[in-house]
Each structure stands twice: as C-alpha cells, then as structure tokens.
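Visitor: Need the 3D shape of this:
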Amino acid sequence: QVQLVESGGGSVQPGGSLRLSCTASGRTLIGRAMGWFRQAPGKEREFVAAINWPGVSTQYAQSVKGRFTISRDNAKNMVYLQMNSLRPDDSAEYYCSQHNSGSIYDDASYDYWGQGTQVTVSS
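Guide: Presented below is the predicted three-dimensional model:
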C-alpha cells in the first residue's frame with residue numbers, strides 16, 4: 001500500500017511559477033514510474049507528465065512541454081513538478097500517481113493516487 005500526498009498548490013498570476021511536491025509513504029517507489037495528472041472543472045482528467053524509475057526518462061503532455069519539469073528524489077520517496085510560465089488554462093486540481101502497467105499516458109494504468117492539490121492561475 002502506498003499513500004501519496006501532494007502539496008505546493010496555490011494561486012499565482014499568469015507567467016508565475018509553482019513547485020508541486022508528492023510525498024510517498026507506506027511503501028517505497030522503487031521500480032515504479034510516477035506521473036502527474038490534472039483535472040479542471042467540467043473536464044476529464046488529463047496526463048501532464050511522467051518519470052520512469054529511477055528517473056532517467058521523462059514524458060510530457062504537449063501543452064506543458066518546455067514549461068513543466070518532473071523530477072524525483074528516490075532517497076526521499078518524493079516526486080516533484082516544477083511549473084513555470086503558468087497560464088490560466090493550467091488551472092486545475094493536480095494529482096500525483098504511481099504507475100502500475102500499461103501506457104503512462106492513460107490514467108487507468110496508475111494504481112495509487114493522491115488527494116490532489118489545487119492550482120489556480122489568474123490575474
């Protein structure tokens with residue numbers, strides 16, 4: 001069993017930055033890819049970024065490529081999402097998740113999820 005807890009969300013103006021953190025407890029993240037997804041009101045949950053084990057390879061949604069960076073600290077059992085040049089359409093609840101099997105772009109491939117952290121980008 002893995003418990004994932006996100007933090008670092010908040011309100012920011014367009015062009016600003018936030019760094020989301022995901023803390024894992026209960027079991028280590030050894031061997032598992034990790035992902036970030038987001039869901040805006042009235043929309044389906046969408047893939048944002050993923051990082052493999054031990055963190056050599058990353059994948060991003062086209063909408064965030066070049067602005068967001070996913071990373072992990074395996075010694076601390078943590079995953080991060082650095083978000084720069086934020087835009088109003090980045091506003092959503094952001095979720096950290098642990099990959100199980102299947103496509104890293106598909107939320108059905110993930111078996112553990114955090115409760116989410118809200119990001120609001122507005123002037």
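
Visitor: List the residues that contact the residue nearest to the spatial centre of the chain.
Guide: Centroid check for the chain by C-alpha atoms, centre = their mean gives W36 as the closest residue, at 2.3 Å. Residues in contact with W36 (C-beta atoms under 8 Å, 6 or more residues apart in numbering) are 20, 22, 48-50, 70, 79, 81, 94-97. Quick note: C-beta positions are derived from backbone N, CA and C, even for glycine.

Visitor: Can you tell me who it pairs with across the strands?
Guide: A49, C96 (DSSP bridges).

Visitor: Quick check: it vs S123, distance?
Guide: 24 Å (C-beta to C-beta, to the nearest Å).

Visitor: and what of R32?
Guide: 38 Å.

Visitor: Those two: which is more packed in?
Guide: R32 (19 against 7; other C-beta atoms under 10 Å).

Visitor: What about H99, how many residues nearby?
Guide: Residues near H99, counting by other C-beta under 10 Å, number 22.

Visitor: If you could redo that for A108, that was the one I meant.
Guide: 9.
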